[in-house]
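Peer 1: Here is my input; please provide its structure:
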Amino acid sequence: MRPRDPAQPHRAASSLELFFDLVFVVAVSITSAQLHHALSHGDVVHGITSYAMLFFAIWWAWMNFTWFATSFDTDDWLYRVTTIVQMGGVLVLAAGVPAAFEHGDFRMPVLGYIVMRVAMIAQWLRASRGAGELRGATRRYAAGIAAVQVLWVLFLLIPSGTLQLIAFILFALLEVSIPVFAEHRRQTPWHPNHITERYGLFTLIVLGESLLASANAIIDASHELESFLPLISISVLTLVVTAALWWIYFWPPHHRAITTFGRSLRYGYTHYLVFAAAAAFSAGIEVELDVLTGESHLSTVEASLTVTIPIALFLLAIWWVAIRENADRVVNTVVPLGAVLVLLDPVLPTPVAITAGVMAVIVAVLVLRPPLARREDGNSS
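Peer 2: From the prediction side, this is the model:
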């Protein structure tokens, strides 16, 4: 398991990586559904904090595997088996999401998370045997991950409430500091096109949840004749917004955003907001459907905010981390301004209407003003 060449031509996601992503489809779907239920029942603060904690576990485990794979993927039988063990941990975590949301019981999510992380420790220790000058970095990864897992076991002993939330924030900060600790002397190699392709694939997963919400609107419309037109409108507008989010995300050349170790950290960590916001958007659409069918405790304005806030976060995060440095002044004005304008949606009687219009305008501007060309990219931009 030697470090891979970061300049390898035509490096693409492997079938194992795509298979690995399937369990995250399950985890994201269950977590998003639980956020939807919590918001619809008016448990806004509890729902958001539970969602933030559980999505962190999903995102961080996925991200660690992805960056490890870009550096050391061998695709031999042992690597495959260890990866499948990690997939089992994701499924255990996903199975424990409902109990975590409803009762504050994090035992199964923590168990699943530890299974994933112990398998990750095994991968780093195996990599250390053939890492050469990177042996110190691989061993620091293994030691750092192992130490924090002890803290997650102790996390289960902390009663739910403010103290538990503070402990989570502290332990999460320790988790995200592990790469800085491990790679402060020498950095493991990463393939810029491969790693950004992997992030793009996960973005498709979370956007897929919004397409499911659009389909659910059509299903509800077939049973709720009194709300037929509003439900169909929600379905159409959701498709428009989801397509716009896809267009905006894939507009910039993402590989330019990870040219240094510091920039790669910024890119990876900002994607927590990108992924979490995209998945939360789908939950917000489901909340809107509940309001239209009389099954939500939220007001119309509150329900609209569950849609517009995630979209605004998505736009600002992807603008800051990938679009900003590749765009001209017009694009750098339109995108963040659009993020602000979508927050006006709650003042309109038709949910998602102004958001869909704003998103369409942003896409039109991006079509007319392509990313700035760079010498290293030739004419490809």
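
Peer 1: Can you tell me the element residue 124 falls in?
Peer 2: Using DSSP states H and E, residue 124 falls within helix 107-128.

Peer 1: then that helix to PDB, C-alphas only?
Peer 2: Extracted in PDB, the C-alpha atoms of helix 107-128 (Å, rounded to 0.1, in the frame of the first residue of the first chain):
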ATOM      1  CA  ARG A 107     -25.600   4.500  21.400                       C
ATOM      2  CA  MET A 108     -26.100   2.900  18.000                       C
ATOM      3  CA  PRO A 109     -24.700   5.900  16.000                       C
ATOM      4  CA  VAL A 110     -21.600   6.000  18.200                       C
ATOM      5  CA  LEU A 111     -21.200   2.200  17.800                       C
ATOM      6  CA  GLY A 112     -21.500   2.500  14.000                       C
ATOM      7  CA  TYR A 113     -19.100   5.400  13.900                       C
ATOM      8  CA  ILE A 114     -16.500   3.600  16.000                       C
ATOM      9  CA  VAL A 115     -16.800   0.500  13.600                       C
ATOM     10  CA  MET A 116     -16.000   2.900  10.700                       C
ATOM     11  CA  ARG A 117     -13.100   4.600  12.500                       C
ATOM     12  CA  VAL A 118     -11.500   1.400  13.800                       C
ATOM     13  CA  ALA A 119     -11.500   0.100  10.200                       C
ATOM     14  CA  MET A 120      -9.900   3.400   9.200                       C
ATOM     15  CA  ILE A 121      -7.200   3.000  11.800                       C
ATOM     16  CA  ALA A 122      -6.400  -0.500  10.300                       C
ATOM     17  CA  GLN A 123      -6.100   1.100   6.900                       C
ATOM     18  CA  TRP A 124      -3.700   3.800   8.100                       C
ATOM     19  CA  LEU A 125      -1.600   1.200  10.000                       C
ATOM     20  CA  ARG A 126      -1.400  -1.000   6.900                       C
ATOM     21  CA  ALA A 127      -0.400   2.100   4.800                       C
ATOM     22  CA  SER A 128       2.400   2.900   7.200                       C
END
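
Peer 1: and the gap between the residue nearest the centre of the chain and residue 46?
Peer 2: By Cα atoms, centre = their mean, the chain has its centre lying nearest to residue 275, at 2.2 Å. The gap separating residue 275 from residue 46 is 21 Å, by Cβ to Cβ, to the nearest Å. (Glycine included, C-beta is placed from N, CA and C.)

Peer 1: quick one: the residue nearest to residue 322 when sequence neighbours are not counted from residue 82, how far?
Peer 2: Leaving out its chain neighbours, the residue that sits closest to residue 322 by Cβ to Cβ, 6 or more residues apart in numbering is residue 252, at 4.5 Å. Computed as Cβ to Cβ, the residue 252 to residue 82 distance reads 34 Å.

Peer 1: Please say which of these two ends up with more neighbours.
Peer 2: residue 252 (25 against 16; other Cβ atoms under 10 Å).

Peer 1: OK, contacts around the more buried one?
Peer 2: Listed by Cβ atoms under 8 Å, 6 or more residues apart in numbering, the contact set of residue 252 reads 322-323, 326-327, 371.

Peer 1: what bits of this structure have low per-residue confidence?
Peer 2: Where the chain drops to pLDDT under 70, the residues are 221-227, 349-352, 375-381.

Peer 1: mind listing the helices in it by residue range?
Peer 2: Per DSSP state H, the chain carries helices over the ranges 15-40, 44-72, 77-95, 97-103, 107-128, 135-155, 162-182, 192-223, 228-249, 261-292, 300-318, 329-341, 353-368.

Peer 1: Quick one: closest of those helices to residue 8.
Peer 2: Proximity to residue 8, assessed across the helices of the chain by Cβ to Cβ, is greatest for helix 192-223 (8.2 Å).

Peer 1: Would you mind listing the buried residues in that closest one?
Peer 2: For helix 192-223, a neighbour-count test (16 or more other Cβ atoms under 10 Å) marks 192-199, 202-203, 205-214, 216-217, 220-221 as buried.

Peer 1: Make sure residue 34 is actually in contact with residue 99.
Peer 2: No. Assessed by Cβ atoms under 8 Å, residue 34 is found out of contact with residue 99, at 9.9 Å.

Peer 1: More neighbours: those two, which one.
Peer 2: Ranked by neighbour count (other Cβ under 10 Å), residue 34 and residue 99 place residue 34 first, with 21 against 15.

Peer 1: Not including adjacent chain positions, what is the nearest residue to that one?
Peer 2: Distances taken as Cβ to Cβ, 6+ apart put residue 101 closest to residue 34, at 4.2 Å, once the chain neighbours are dropped.

Peer 1: what's near enough to touch the one you found?
Peer 2: 34-35, 37-38, 46-47, 50-51, 54.

Peer 1: Show the buried residues in these.
Peer 2: Buried among the contacts of residue 101 (16+ other Cβ under 10 Å): 34-35, 37-38, 46-47, 50-51, 54.

Peer 1: May I ask which two of the residues you listed are separated the most?
Peer 2: Top of the distance list for those (Cβ to Cβ): 37 and 54, 13.4 Å.

Peer 1: Flag every buried residue along stretch 230-238.
Peer 2: 230-231, 233-235, 237-238.

Peer 1: so how far is that stretch off the chain centroid?
Peer 2: Distance of stretch 230-238 from its chain centroid, counting by Cα atoms, centre = their mean, to the nearest Å, is 25 Å.

Peer 1: Only C-alpha atoms, please: export that stretch in CSV.
Peer 2: Written as CSV, here are the backbone C-alpha positions of stretch 230-238 (Å, rounded to 0.1, in the frame of the first residue of the first chain):
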residue,chain,number,x,y,z
PRO,A,230,-50.1,24.0,-4.9
LEU,A,231,-48.5,20.5,-4.6
ILE,A,232,-47.8,20.3,-8.3
SER,A,233,-46.3,23.8,-8.2
ILE,A,234,-44.0,22.7,-5.3
SER,A,235,-42.9,19.7,-7.3
VAL,A,236,-42.0,21.7,-10.4
LEU,A,237,-40.3,24.5,-8.4
THR,A,238,-38.3,21.9,-6.4
